[in-house]
Structure formats: C-alpha cells, structure tokens
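Participant: sequence and predicted structure, then a few things I'm wondering about:
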Amino acid sequence: MNPVIRSWLAGAGLLLALVMSNFAMFSSASAHEVRPAYLQIDQVGEHRFNVLWRTPVLSGTRLPVMLRYSDGIQVVTGPAERLLSDSMVERSVIEAPDGLLGQRITFFGLQATITDVMVRVKLDDGTVTTTLVRPSQPWIEVKAQDSVFQVVKLFVVEGIEHILFGFDHLLFVLALMLIVRTLRTLLLTITAFTAAHSITLTFATLGWVSLPSGPVEIMIAFSIVLIAAEIVAMKRGQTSLTITYPWVVAFAFGLLHGFGFAGALSELGLPQNDIPLALLCFNVGVEIGQLMFVAVILAVTALLRRFLQIPPKAILASAYCIGTVAAFWTLERIQSTFI
C-alpha cells in the first residue's frame, strides 16, 4: 500500500480511535442500554407456557419495560424475580385457553427506550419462531412459524448491527488495516479474519465447541492491545510474524473473535427449523457490516487526502490511541469477570 495512503489511513484511524476512546470511558454506563431485552416462551402443556423475561439493568435500575398480554392470556403463577449483575430475570407461567397463536404481547414503555426485544417462542410441536421487536412497534402477534424471508431479514440485519456496534471487533479490524503494507495483503488479511471467525462462530453456535464468555471477551480486547504493540514495533523498524504475515495472526485472533460473535447469536435464539439458514444469514450480516466499515475508512482516507495534511507520525499516534482504548477494555472486562 502506498505510504502516503497509509499515512492518510492512519489519520482516519486516529480520528476513529479518539472517538472510540471517548465511548470507552462511558461504556460501563451505556452498554446495557443498547443490549436487547429477551422474552422466551416455551409451551409445556396444551394451554400452558413457561415465560422467561430478561431486561437489562443499568446502575442497579432495570429497563422500564413491562409485559402486557392480550385478554386471551392469563398469568397463572409468578412472576418470580432474580436480579443478576447485568439484567433482571422474571419467570412466570401463563395460560392461553384459546391457544397462543394470534395473541398479542405488548412491551409497555419500550417506545421510550433505544432497546430492542428478542422474542423466542417454542411450541409443543417443536416449531420455534424468533422475532425482533423494535421501539417503533412495541408489540408482537404470535405466529406459527417464520417465513424464509423473515429469517433472512432478521439475522442479516442482526449480523450487521452486531459488528457495527461491536467496537472491539471494529477496532481490531482498524488495527489490521494500519499494519498491512499493500492492498493485496489487506485483502488477504481481512479474508483470513473473516474465514477464521466464521469457523468458530459456526462451531460454537452448533454446540461443537464451547468457551466461557468472560475470558473470551478479555482476550478479544487484549488481542487489540497486541496488534497495537506490533504497529509501534513496525514503526520502529522491527519485524515479527505479525508484521511479515499479518494474515496469519488475523486468522489466529479471528478464531477468538468468532466466539464473541457466537455469544451474541446465542442470545438471539435460532429458529429450530432454520438453524443453517439463520447461522448463514447472521454470518453474512457480520461480513456486510465489516465491509461497510472498511469501505467507510477508505472513503474517509480519500476525503482527508484532498483537504488535510496528516502528520507522518499519525500511524504511531493511532497505535498508541488504539492500544490505550483496548487496554482500558481489557482491565474493565477482567474486573467484571473475576472481581
């Protein structure tokens, strides 16, 4: 890659890293608000259903969203509440004498938030439907089964949103973009990262491999610190496996990042009859979002080249900024996991 282009790319990276550092300082206060709420309904009898309702908790205060059922649904027992570190979980039993299909469930107060609700309904015939409820339409009517189009739309959109709001994954991609030296190497590196996290995303989602989420999130943040350190070493004239063959390291760390994607996908719940399709669509959405991010960075780079003069040491400044943000995330995740 042309050194001038890399310099401008570094300028765009520095700007983005500074924005992310500001976000990181407030991440503890805002992370739960954008995390989706989750409603799971499982049929356990002819007219009876177990309900699990999980809402995010921010600074000890739960998200102000309440369930409201239509007149055809009655609450038999509960709700029994349990407060976790990041959410409030309610369990109850409902009864629907006329069946659950066609009944409406309203999320009262959702329209005043920026939080979505993931709804998963499993009936006794084995069919599973998964629906995303937005604040703009805070209710759902239970239907028999998702259409193929609905599954594709839901999981592609969720994949795109997850990567675009997954600031740690984006910062890792940005660091990779700063360390490569040619456009061909950039394409090879991004492809290796994509292939790797696709493998572990699939394996973890299907239950073939499992890792605890806490340590995985810590290592994801720490992987960004390591790449930032490699950028500094590169600017000092040193060499290493990462600098010489960045696609190898991108593949290795991509395997780790795939477990992070799998954790997000597991929260959505997969439709039982369309697991391969849902998995494929989520992965496609992640890749679309990733390519969008790369395209925006390259576009900003081209725009900056026309109007501004970026200092020669912009790459080094970007590396330090990225490393600082990633180190903050690493320490924060260690605290939340082990302390």
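Facilitator: Ah, there it is. Residues are numbered from 1 along each chain as shown.

Participant: hmm, Leu110 is touching Pro135, no?
Facilitator: Yes. Because the distance of 5.1 Å satisfies CB atoms under 8 Å, Leu110 is recorded as touching Pro135. Every C-beta, even on glycine, is put in place using the N, C-alpha and C of the backbone.

Participant: which one's more surrounded, those two?
Facilitator: Taking neighbours as other CB atoms under 10 Å, Leu110 and Pro135 compare with Leu110 leading, 24 against 16.

Participant: excluding chain neighbours, what is closest to the more buried one?
Facilitator: The shortest distance from Leu110 to any residue other than its chain neighbours is 3.8 Å, reached at Pro138 (CB to CB, 6 or more residues apart in numbering).

Participant: show me the contacts for that neighbour.
Facilitator: By CB atoms under 8 Å, 6 or more residues apart in numbering, Pro138 lies in contact with Thr106, Phe107, Phe108, Gly109, Leu110, Gln111, Val117.

Participant: does the second one fall in a helix, a strand, or a coil region?
Facilitator: Going back to what we said before, that points to Phe107. Recorded secondary structure, Phe107: strand (DSSP: H, G, I helix; E, B strand; the rest coil).

Participant: can you list the domains in this structure?
Facilitator: The chain breaks down into these structural domains: 3-31+158-338, 37-146 (assignment by automatic domain parsing).

Participant: just how off-centre is the shortest one within its chain?
Facilitator: Meaning domain 37-146. Mean C-alpha position of domain 37-146 versus that of the full chain (CA atoms, centre = their mean, to the nearest Å) differs by 22 Å.

Participant: and the strands in this protein, which stretches?
Facilitator: Ranges of strands within the chain are 37-43, 48-58, 61-62, 66-69, 74-83, 87-95, 104-108, 117-122, 128-133, 139-141, based on DSSP state E.

Participant: direction included, what does the shortest one pair against?
Facilitator: Next to strand 61-62 in the sheet, as set by DSSP bridges, lie strand 48-58 (antiparallel).

Participant: equivalent analysis for the last one, please.
Facilitator: According to DSSP bridges, strand 139-141 forms sheet pairs with strand 104-108 (antiparallel).

Participant: Ile105 contacts Leu67, correct?
Facilitator: Yes. Ile105 is within contact range of Leu67, at 6.5 Å (criterion: CB under 8 Å).

Participant: who's more crowded, these two?
Facilitator: Set Ile105 next to Leu67 and count neighbours by other CB under 10 Å: Ile105 wins out with 23 against 19.

Participant: what's the spacing between that one and Gly263?
Facilitator: Separation of Ile105 from Gly263 (CB to CB, to the nearest Å): 26 Å.

Participant: ok, Val216 next?
Facilitator: 7 Å.

Participant: those two - which one has more neighbours?
Facilitator: Higher neighbour count among Val216 and Gly263: Val216, with 20 against 17, using other CB under 10 Å.

Participant: report the contact partners of the more buried one.
Facilitator: Val216 makes contacts with Leu256, Phe259, Gly260, Gly263, as judged by CB under 8 Å, 6+ apart.
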